[in-house]
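Enquirer: Just to be clear, the model below is a prediction. Sequence and coordinates:
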Amino acid sequence: MLDPLYCRRRQRRLLDILVERKLEVAVITSRPHVYWLTGHSPFWLHETAVLLRADGHLTLISANSKADCAAADEVRSYPANRFATQRMDQPAVVADIVRDSTNGSKRIGYDAGVPGSQLVGLYGKHSTAIDDSIHLLRRRKEPDELALMRKAIDCTRAMHERARHIIEPGVSEITVYTELHTAAVSEAGEPLSPAYLGNDFVCGSGGGAPRANRPAKAGEIYILDIGPAYRGYFADNARAYAVDRKPTDVQLKTWEAITGVFPIIERMAKPGVRCHDLFDAGREHLRQKTGKVLDHHLGHGVGLFPHEYPHINPEWDDVLETGDVFTIEPGLYGPEINGGIRLENQYLVTETGVENLTPFPLALA
C-alpha cells in the first residue's frame, strides 16, 4: 500500500493550499483522496473522511474500527454495517461526524465525495471546493505511487503476452477478456482493485467492451486498450493485433504511421513543454503519413483515476511537470483498416525528459 512517510509529504503539500486559500480545515471525503493522503484504503462500500486542519493535525474517520497504520494524528470510527448488512445512511453518518468536528470553523475547503456534498449547504459561503487543487497536487507521483503503478503495468504486460498466445480466428471476445483477467490477477498475486479492466476489448471495431458470441475473424484488427488498477493505481496501455497474423498493406502502413508518433513525443516531452504542442505534433505526423485525422485526444494523465492531469488534448492547455505520468495513444480507424489501430504507451516525466514505462512489443503480428 502507500507509504505513510510519503502520505505525510502529500499532507504538507495540501497544507500549502490551505494557507494559500486562507482555509482553516480541509474536509476530504473522496475515497481515492483519503487513500492518497493517509494510506488508508477503505472498502469500496464504506464511506470515509479526512479532516486536515491548518495546523497540520489530521483526523481520519474510518468504517467499523479504527484504521491501523494510517498516516493520521487521530482516528475515529463509526459502525458501517449492522449484523453484516451495509448501512445505506453512511454518508449522513460521516457527515454528522465531520460537522461536529468542524464546529466553529469559518473557512472550510471540501472535495466532491458523497459525505462532503451533504455539508455544502450547511457551510454555505464559508465553504469552497478544492477538488481541482487536489487534482493538480496529484500530478506529481511520489515513489510509493510509482511502485504501485509499475506493478499495475506489470499486469498489463502479462495480459498482452497472454493475448499474443490466444488471439486467432474464432476466439471469442469474452474468452480473451477472461483469459486476460486471469493473467492480470496471477501477475498481481491478489485481486485487483474494484474497477473495470480497461476500455477496449474488441476486434474489427474502433473500441468497446467485449461482446457476447462475437468471434474474432481473419483480417480484423483486435484492439486491446487495457487498464487494471493495482491497490488503487491504474495502468493504461494499448496494443493492436492482426487476428490471423497477416496484416494487409494498408494495416501495416497505418501501423507504421502510428508507431512513428512515439519517437516524436519522446524527443519533445520534458518539463515545461505544452501538452497542446505534443498533440499538434502527433496529429500533424499522422496527417502527413496517412491523410487521416486523429479524432480523439493523443493522451492523458493516469494515476488514482484512469484520466487525470495532464491532458494531451486541444481542449486543455496543460504544461508538463516533473512527476507527471501520462499516456500517448495515437489511433486511426476505418473500414479499410478493418476496424482500427490504436497503440498506447505510458510515460513518466523526469527532470530531463520522459521514461517509457511500457517498453513491451508494439508489433501487429
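Expert: The structure has been received and is ready for your questions.
Enquirer: Work out for me the element the closest residue to P191 other than its chain neighbours sits within.
Expert: On the basis of CB to CB, 6 or more residues apart in numbering, the spatially nearest residue to P191 that is not a chain neighbour turns out to be V185, at 6.4 Å. The way it works is simple: take the backbone N, C-alpha and C, and place the C-beta from them, glycine included. With secondary structure defined by DSSP states H and E, V185 is part of helix 173-188.
Enquirer: Now the element after that helix, going C-ward?
Expert: Next element after helix 173-188 (DSSP H and E): strand 198-203.
Enquirer: could you check the angle helix 173-188 makes with that next one?
Expert: Inter-element angle recorded for strand 198-203 and helix 173-188: 140 degrees (by axes from the mean of the first three to the mean of the last three CA atoms, to 10 degrees).
Enquirer: what pairs with strand 198-203, and is each one parallel or antiparallel?
Expert: Its sheet considered, strand 198-203 pairs with strand 221-226 (antiparallel) by DSSP bridges.
Enquirer: Just give me how far the strand it pairs with sits from the chain centre.
Expert: With CA atoms, centre = their mean, to the nearest Å as the basis, strand 221-226 stands 18 Å off its chain's centre.
Enquirer: tell me which strands and helices the next helix or strand after it is in contact with?
Expert: Moving toward the C-terminus from strand 221-226, the next helix or strand (DSSP H and E) is strand 229-230. Packed against strand 229-230 by the contact rule (3 or more CB pairs under 8 Å, 6 or more residues apart in numbering; DSSP states H and E) you find helix 143-166.
Enquirer: Now do the helix it packs on: everything it contacts.
Expert: For helix 143-166, contacts defined as CB atoms under 8 Å, 6 or more residues apart in numbering pick out 2-3, 6, 141, 175-176, 179-180, 182-184, 186-188, 192, 222, 224, 226-237, 239, 241, 302-303, 325, 346, 348, 357-358, 360-361.
Enquirer: circling back to that earlier point, tell me how far the helix holding V185 lies from the chain's centre.
Expert: 19 Å.
Enquirer: and the angle for it with helix 143-166?
Expert: Using the same axes, to 10 degrees: helix 173-188 against helix 143-166 is 140 degrees.
Enquirer: From the contact counts, what lies against helix 173-188?
Expert: On a contact count with 3+ CB pairs under 8 Å, 6+ apart, helix 173-188 meets helix 143-166, strand 198-203, strand 221-226.
Enquirer: Redo these as a markdown table? Include mean neighbour count.
Expert: A markdown table is the format used below for those (neighbours: other CB atoms under 10 Å):
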| stretch | mean neighbour count |
| --- | --- |
| helix 143-166 | 19 |
| strand 198-203 | 24 |
| strand 221-226 | 26 |
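Enquirer: coming back round to it: buried subset of the contacts of helix 143-166 as a ChimeraX selection?
Expert: The ChimeraX command for the buried members of the contacts of helix 143-166 (criterion: 16 or more other CB atoms under 10 Å) is given here:
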select :2,6,141,176,179,180,183,184,187,188,192,222,224,226,227,228,229,230,231,232,233,234,235,236,237,239,241,302,303,325,346,348,357,358
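Enquirer: what's V325 in contact with, if anything?
Expert: Per CB under 8 Å, 6+ apart, neighbours of V325: 141, 146, 149, 301-303, 346-349, 357.
Enquirer: Serialize these to JSON lines and add fields for pLDDT, distance to N103 and secondary structure.
Expert: Below are the contacts of V325 laid out as JSON lines (pLDDT from 0 to 100; distance: CB to CB, whole Å; DSSP: H, G, I helix; E, B strand; the rest coil):
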{"residue": "K141", "pLDDT": "98", "distance to N103": "36", "secondary structure": "coil"}
{"residue": "L146", "pLDDT": "98", "distance to N103": "39", "secondary structure": "helix"}
{"residue": "M149", "pLDDT": "98", "distance to N103": "39", "secondary structure": "helix"}
{"residue": "G301", "pLDDT": "98", "distance to N103": "37", "secondary structure": "strand"}
{"residue": "V302", "pLDDT": "98", "distance to N103": "39", "secondary structure": "coil"}
{"residue": "G303", "pLDDT": "97", "distance to N103": "34", "secondary structure": "coil"}
{"residue": "Q346", "pLDDT": "98", "distance to N103": "45", "secondary structure": "strand"}
{"residue": "Y347", "pLDDT": "98", "distance to N103": "46", "secondary structure": "strand"}
{"residue": "L348", "pLDDT": "98", "distance to N103": "43", "secondary structure": "strand"}
{"residue": "V349", "pLDDT": "98", "distance to N103": "43", "secondary structure": "strand"}
{"residue": "L357", "pLDDT": "98", "distance to N103": "46", "secondary structure": "coil"}
